[in-house]
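Student: need coordinates for the below:
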Amino acid sequence: MTIPKTNDMRPEKQNLPMVSLILPVFNVARYLAQCLDSLIAQDCHCSLECILIEDCSTDESRIICQRYAAQYPELFQLLVNEKNAGVSISRNRGLDRATGRYVMFVDPDDLLPTNSVRIMVSMAEDQK
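Tutor: Modelled structure (predicted):
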């Protein structure tokens, strides 16, 4: 799902990411790294931010998120819920933090083909 957040192209807005990827995380350690690797591999030729919302996992999910946020700080932001809040509240936290022109929700068991974001942005831009 793509939600255009703004059409504001003032110069001070130009350095904001084109796309905000919002990814709620809860007990998904076994496939989380593959998902995050698929986000790193995007060939969209536009700026991205990926907001990880860790929802009090009891497995290694938080450690994986911390590792990716430390290794790729230009891409990943990590928010940690104080208590388990569920996927909807986690997504809303991500929306509150998102600064991209477009928003894409990603689930931690998704593996995005490398052209996913590029196609989404292209289709959205063609609709103007």
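
Student: what's next to stretch 22-33, contact-wise?
Tutor: Judged by Cβ atoms under 8 Å, 6 or more residues apart in numbering, the contacts made with stretch 22-33 from elsewhere in the structure are 35, 39, 50-62, 64-65, 68, 84, 87, 90-91, 94-95, 98, 103-109. Just so you know, the C-beta spots here come from the backbone N, C-alpha and C atoms, and that holds for glycine as well.

Student: what is the mean pLDDT for it?
Tutor: Model confidence over stretch 22-33, given as mean pLDDT, is 98.

Student: of the contacts of stretch 22-33, select the buried ones using a ChimeraX command.
Tutor: Isolation of the buried members of those (16 or more other Cβ atoms under 10 Å) is achieved in ChimeraX through the command below:
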select :35,39,50,51,52,53,54,55,56,57,61,62,64,65,68,90,91,94,98,103,104,105,106,108
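
Student: out of the contacts of stretch 22-33, list just those in strands.
Tutor: 50-54, 103-105 (DSSP state E).

Student: for Gln77, state which of the residues you listed is nearest.
Tutor: Within the set of these, Ile51 lies nearest Gln77; the separation is 5.0 Å, counting by Cβ to Cβ.

Student: per-residue confidence at that closest one?
Tutor: Note for Ile51: predicted pLDDT of 98.

Student: what about Asn92, how many residues nearby?
Tutor: 14 (other Cβ atoms under 10 Å).

Student: grab the most central residue of the chain for me.
Tutor: For the chain, the residue nearest the mean C-alpha position is Leu21 (2.4 Å; Cα atoms, centre = their mean).

Student: helix, strand or coil: sort out that one for me.
Tutor: Taking DSSP: H, G, I helix; E, B strand; the rest coil as the rule, one finds Leu21 in the strand state.
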